[in-house]
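In: What follows is a predicted protein model with its sequence.
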Amino acid sequence: MIAGIVFAYIKATLSQLGRVPLPEAPETLGISSEVAEKYKDLDVTNIALFGVDSREDNDIGRSDALMILSIDRVHNKIKLTSIARDTYVTVDGYGQTKINHAYAYEGPELAIKTINENFDMNIQGFVTVNFSQLAEIIDYLGGINIAVTEEEREVANRLIQELGVQCEPITESGESVHLTGDQASFLPETAIQAATQRERGRQRKVLSAMFDQAKAIDVMQYPGLINMVLSQSVTSLSDNDMLGIGTWAVTSGATMEQMSLPNENCNSSGEIIDGVWYYVYDLDLATDLLHDFIYEENSAD
């Protein structure tokens, strides 16, 4: 009886998700025949996670957060890889530009194709969360505690003032600064990027802080939180796909690991190209690191 009620609730909740189908042919999504063959029998599912800020119905939005969620049933792990949105890559039909521009150009299909082609991946599914309600979600959680440098504080406050937003300035820096939703939405990814591009970061450390705060809220708040997130999300995954992944994640006892690109092993640097700031790094080396992390190709076990 109770199990049936819970299942019905979950199904009803998932129905809030918008659905965007993707082509079934792997090559259409930039998956090479070599990659498809190499990993076809390995029980690892890779899903692209996009966080966008789209405030108008006709605005696709750039992918402010770009991650790969890997469900690794081989090693009983959940792996999360974040890719810097300013990564300098080739986007099919548009030349060399930032990786997050692919989503703005043609949506999730081109964004997935761009990841697959530049990192030899085999991603065939995605989930996109619209960050237009990021501030409201953070406030629903009661705010977040996050490390803020003095330079980040100054950049965020300058943006708040210059844009004329009704938001209290951030009054302190430190390892654990409590921020409201509006304050967090202006926190730059890095001070140098914000100073160069005047961009408002929706970065991994904000998402990580939100995750930590979500674990601390009262269980009775979870339905409201889930509804807020899912009502702003779209996916190519079916209900059965998501239920299967969720059930496995809850019952398997899987551990979670994280990696980010670029890192200290990618020969990365910040470069100005035609007046625009990019993360430039060795994509071949980054691809090797990514595959070692996701598939544990060089693992001893």
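Out: Alright, I've got the coordinates.

In: Kindly state the pLDDT recorded for T13?
Out: Looking at T13, its pLDDT stands at 70.

In: and if you look at the one 4 residues further on?
Out: Predicted confidence (pLDDT) for L17: 77.

In: That one against Q232, yeah?
Out: No: the criterion here is CB atoms under 8 Å, and L17 misses it with Q232 at 9.7 Å. Quick note: C-beta positions are derived from backbone N, CA and C, even for glycine.

In: What is the three-state secondary structure of P23?
Out: coil (DSSP: H, G, I helix; E, B strand; the rest coil).

In: With adjacent residues omitted, what lies nearest to it?
Out: Leaving out its chain neighbours, the residue that sits closest to P23 by CB to CB, 6 or more residues apart in numbering is L29, at 6.4 Å.

In: Any regions of this structure where pLDDT drops low?
Out: Counting by pLDDT under 70, the chain contains low-confidence ranges at 1-12, 53-64, 131-132, 188-205, 298-301.

In: Tell me, how many residues neighbour the residue nearest to P23?
Out: 24 (other CB atoms under 10 Å).

In: And for S269?
Out: S269: 10 neighbours (other CB under 10 Å).

In: In terms of helices and strands, where is I146?
Out: Under the criterion DSSP states H and E, the helix or strand holding I146 is strand 144-148.

In: helices and strands around that strand, which ones?
Out: strand 174-179, helix 204-216 (3 or more CB pairs under 8 Å, 6 or more residues apart in numbering; DSSP states H and E).

In: the helices in the protein, which residues?
Out: 2-14, 33-39, 101-106, 108-119, 134-140, 150-162, 181-185, 191-197, 204-216, 222-230, 239-251, 283-295 (DSSP state H).

In: got a list of what I226 touches?
Out: T13 (CB atoms under 8 Å, 6 or more residues apart in numbering).

In: Indicate which one of the helices and strands packed on strand 144-148 is closest to E106.
Out: Closest of the helices and strands packed on strand 144-148 to E106 is helix 204-216, at 24.5 Å (criterion: CB to CB).

In: So what's the residue count around I245?
Out: 17.

In: for S15, that is, sorry about that
Out: By the criterion of other CB under 10 Å, S15 has 10 neighbours.

In: Now it. Nearest residue, chain neighbours left out?
Out: With CB to CB, 6+ apart as the criterion, S15 has its nearest non-adjacent residue at 7.8 Å, and that residue is D239.

In: Give me the spatial nearest neighbour of Q166, chain neighbours excluded.
Out: In space, Q166 is closest to D182, 7.9 Å off (CB to CB, 6+ apart).

In: which ones are touching that neighbour?
Out: When contacts are counted by CB under 8 Å, 6+ apart, D182 touches 135, 160, 165-168.

In: which of the residues you listed are buried?
Out: 135, 160, 167 (16 or more other CB atoms under 10 Å).

In: I'd like the distance between the closest residue to the last one other than its chain neighbours and N265.
Out: When you say that, I think you mean C167. Of all residues not flanking C167 in the chain, D182 sits nearest, at 4.0 Å (CB to CB, 6+ apart). Look at D182 and N265: by CB to CB, to the nearest Å, they are 36 Å apart.

In: One more: D43?
Out: Separation of D43 from N265 (CB to CB) stands at 27 Å.

In: right, and T114 touches I99 too?
Out: Yes: at 6.1 Å, T114 and I99 qualify as touching, with contact defined as CB under 8 Å.

In: Look at those two and report which has more neighbours.
Out: Between T114 and I99, counted using other CB under 10 Å, T114 has the larger neighbour count: 29 against 26.

In: dump the residue contacts of the more buried one.
Out: With contacts defined as CB under 8 Å, 6+ apart, the neighbours of T114 are 30, 89-92, 99, 102.

In: any chance of those in TSV, plus distance to S176?
Out: Shown next, in TSV, are the contacts of T114 (distance: CB to CB, whole Å):
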residue	distance to S176
G30	41
V89	35
T90	40
V91	38
D92	43
I99	31
A102	35
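
In: I appreciate the help and will end here.
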